[in-house]
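S.K.: Return a 3D structure for these sequence lines:
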Amino acid sequence: MSQPAVSIHPYFKIHPGQADAAKALLPRFVAKTASEPLCVYYEFTINGDLVFCREAYRGAEGTLAHLANVGELLGEMLKISDLARLEIHGPADELAKLKGPLADYKPVWFEYACGIGR
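M.R.: The predicted structure follows:
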């Protein structure tokens, strides 16, 4: 089995009155991400004022490339929402490469234990 991907699990709590602005950003995130060769999957779901992005990348390299690519849009999102929770899941060696660059976001780190990859 190939090495499992690094997945990011951000939950954005939209500020009151900003739902339409937040929803308008989502297709822009998707359009920017569509060209990333190391992206495994990328999608948004919404529950009331909570927006979740389900996303995964090939290793720390793909994760950091994505964050650089969408950095401006992420800045816009964080003006109209709070990062309510952030989880990073992946192999320990890949997580180690991300702990410094992502420290300011205060994620919860989950090390890969076992699974099936296709």
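S.K.: any idea which element the nearest residue to R54 once chain neighbours are set aside lies in?
M.R.: Using Cβ to Cβ, 6 or more residues apart in numbering and skipping the chain neighbours, the partner closest in space to R54 is E43 (5.1 Å). In this view, the C-beta of every residue, glycine as well, is placed from N, C-alpha and C. Taking DSSP states H and E as the definition, E43 sits inside strand 39-47.
S.K.: Return the list of helices and strands in contact with that strand.
M.R.: Counting contacts by 3 or more Cβ pairs under 8 Å, 6 or more residues apart in numbering; DSSP states H and E, the secondary-structure elements packed against strand 39-47 are helix 19-33, strand 50-57, helix 59-69.
S.K.: Mean neighbour count and mean pLDDT added to these, as a markdown table?
M.R.: As requested, the helices and strands packed on strand 39-47 are arranged in a markdown table below (neighbours: other Cβ atoms under 10 Å; pLDDT from 0 to 100):
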| stretch | mean neighbour count | mean pLDDT |
| --- | --- | --- |
| helix 19-33 | 15 | 98 |
| strand 50-57 | 19 | 98 |
| helix 59-69 | 18 | 97 |
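S.K.: tally of neighbours for the residue lying closest to R58 once chain neighbours are set aside?
M.R.: Closest residue to R58 apart from its sequence neighbours, by Cβ to Cβ, 6+ apart: L38 at 4.2 Å. Applying other Cβ atoms under 10 Å, we find 17 other residues in the vicinity of L38.
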